[in-house]
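Peer 1: Quick one, what's the 3D model for this:
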Amino acid sequence: MISGLQLAVLAGGFLGLGLTLAVARLLPVEPDLVDALDRVSSPRRRTSAGVASLRTRKERLGLWGLRVLPPGLWVRTPVRELALLRISVAQFYGEKLTFAGLGLLIPPGLIALFTQLGLDVPLPIPALASIGLAAVMFFIPNYNAHDEARKARVEFARALGAYIDLVALERLNGIGVRQAMEAAAEVGDSWVFTRLSEELTRSRWSGLPPWDALHTLATELGLPELDDFADIMRLSGEEGASVYATLRARSSAMRTAMLNDEIAQANAVGERMTIPGSLLGVIFMALLVAPSLLRMVTSS
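Peer 2: Just a heads-up that it's a prediction; the model follows:
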């Protein structure tokens with residue numbers, strides 16, 4: 001049998017869900033045309049690679065959200081980060097809705113547990129907690145995308161330094177600009193080299209210069225190091241300039257910059273590690289002084 005308090009808990013959860021849906025429906029529904037076209041075209045570009053990739057639960061949930069929910073609900077979509085991570089917008093939206101749904105369900109579940117322990121919780125508490133937790137967890141995928149994209153950019157820059165050295169060696173051997181870039185991209189098997197090889201192959205079939213393809217990729221993914229490399233290769237391809245020394249200097253500068261960043265991060269971590277030691281020292285001194293202070297207080 002379900003007690004009255006359990007019914008109140010369930011009612012609070014459904015009330016929070018209803019209020020959330022009501023607020024979502026009251027948001028402005030006039031869509032941004034560019035954003036709408038990008039979101040709709042993103043999954044369509046993947047249908048040629050296989051319809052099965054669109055049939056995951058998160059993507060189906062995200063596509064439902066695109067059709068039903070107002071565009072203003074998503075606040076801001078990290079398009080560059082998703083493109084770098086190769087996560088579809090539909091999957092990202094589905095993950096946001098999944099996290100929000102968990103946020104709605106967690107407080108009623110906790111209240112039900114408290115009810116079994118004999119604790120009486122007022123009805124507005126689970127409703128407000130469900131709405132607040134759902135709103136907070138709705139933005140967790142945004143944080144995850146930004147964090148993972150930051151790590152991916154660092155990895156991309158590290159691999160790009162090695163790729164630039166390979167292109168410089170190919171150019172030193174007298175190989176053409178496009179051939180040097182394509183041959184260097186085929187050496188590595190990491191996702192960075194694979195991504196570069198895909199873009200260069202696509203530019204070959206489309207008739208675009210390879211540096212223009214890398215310029216576009218750098219703009220879409222927010223990779224300034226790749227943009228600088230594309231400028232150097234444009235100079236070599238259009239003007240026939242010798243860029244061996246320039247490429248080697250660029251890769252060396254990238255490695256030096258990454259090394260300085262790592263040293264700065266290590267110093268910051270080292271400084272933070274001194275804080276617990278200082279606190280332990282203060283606590284130890286307090287323990288030594290405390291008996292004397294107590295004797296002085298009691299004797300007076």
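Peer 1: Could you use CA atoms for every contact and neighbour count after this?
Peer 2: Noted.
Peer 1: check which helix or strand covers the residue nearest in space to the middle of the chain.
Peer 2: With distances taken as C-alpha atoms, centre = their mean, the chain has Ala145 as the residue nearest its mean C-alpha position (1.5 Å). Ala145 is part of helix 140-172, with elements assigned from DSSP states H and E.
Peer 1: contacts for stretch 235-248?
Peer 2: Applying C-alpha atoms under 8 Å, 6 or more residues apart in numbering, the set of residues contacting stretch 235-248 from outside is Ile164, Asp165, Ala168, Leu169, Arg171, Leu172, Val177, Phe229, Ile232, Met233.
Peer 1: Just the buried residues of those residues.
Peer 2: Neighbour counting by 16 or more other C-alpha atoms under 10 Å classes Ile164, Asp165, Ala168, Leu169, Arg171, Val177, Phe229, Ile232, Met233 among the contacts of stretch 235-248 as buried.
Peer 1: for the second one, what are its contacts?
Peer 2: Residues in contact with Asp165, defined by C-alpha under 8 Å, 6+ apart, are Leu247, Arg248, Ser251.
Peer 1: where do the helices sit along the chain?
Peer 2: Secondary structure of the chain, counting by DSSP state H: helices at 4-26, 33-45, 57-68, 79-85, 89-116, 124-138, 140-172, 177-185, 191-206, 210-221, 224-239, 244-299.
Peer 1: Quickly, which of the ones you listed bottoms out on average pLDDT?
Peer 2: Within the helices of the chain, the least confident segment by mean pLDDT turns out to be helix 33-45, at a mean of 44.
Peer 1: quick revisit: state the pair within the contacts of stretch 235-248 that is farthest apart.
Peer 2: Across the contacts of stretch 235-248, the two members that end up farthest from each other (C-alpha to C-alpha) are Leu172 and Phe229, 16.4 Å apart.
Peer 1: what's the closest non-adjacent residue to the residue nearest to the centre of the chain?
Peer 2: Once flanking residues are discounted, Ala145 sits nearest to Glu81: 6.2 Å by C-alpha to C-alpha, 6 or more residues apart in numbering.
Peer 1: measure the one you found to Ala134 for me?
Peer 2: Separation of Glu81 from Ala134 (C-alpha to C-alpha, to the nearest Å): 23 Å.
Peer 1: So for the two, which residue has more residues nearby?
Peer 2: It is Ala134, of Glu81 and Ala134, that has more neighbours when counted by other C-alpha atoms under 10 Å, with 26 against 23.
Peer 1: residues touching the residue nearest to the centre of the chain, list them.
Peer 2: For Ala145, the contacting residues are Pro78, Glu81, Leu82, Leu85, by C-alpha under 8 Å, 6+ apart.
Peer 1: now do Ala157
Peer 2: By C-alpha under 8 Å, 6+ apart, Ala157 lies in contact with Glu225, Met254.
Peer 1: please redo it, this time with the cut-off set to 6 Å
Peer 2: By C-alpha atoms under 6 Å, 6 or more residues apart in numbering, the contact list for Ala157 is empty.
Peer 1: State the distance from it to Lys151.
Peer 2: The gap separating Ala157 from Lys151 is 10 Å, by C-alpha to C-alpha.
Peer 1: before we move on, what about Pro224?
Peer 2: Relative to Lys151, Pro224 is positioned 15 Å away (C-alpha to C-alpha).
Peer 1: More neighbours: which of those two?
Peer 2: More neighbours surround Pro224 than the other of Pro224 and Lys151, with 14 against 10 (other C-alpha under 10 Å).
Peer 1: can you pull the contacts of that one?
Peer 2: Residues in contact with Pro224 (C-alpha under 6 Å, 6+ apart): none are found.
Peer 1: Kindly report the same for Ala100.
Peer 2: The neighbourhood of Ala100, defined by C-alpha under 6 Å, 6+ apart, consists of Ala134, Met137, Phe138.
Peer 1: what's the closest non-adjacent residue to it?
Peer 2: Spatially, and ignoring its direct neighbours in sequence, Ala100 is nearest to Ala134 (4.3 Å; C-alpha to C-alpha, 6+ apart).
Peer 1: go on, Leu63?
Peer 2: Here the residue nearest Leu63, using C-alpha to C-alpha, 6+ apart, is Ala90, at 5.4 Å.
Peer 1: Then Ser197?
Peer 2: For Ser197, the nearest residue in space outside its immediate sequence neighbours is Ala185; the separation is 5.3 Å by C-alpha to C-alpha, 6+ apart.
Peer 1: Can you report how many residues neighbour that neighbour?
Peer 2: A count of neighbours around Ala185, defined by other C-alpha under 10 Å, yields 24.
Peer 1: again with Ser88
Peer 2: Neighbour count for Ser88, taken as other C-alpha under 10 Å: 21.
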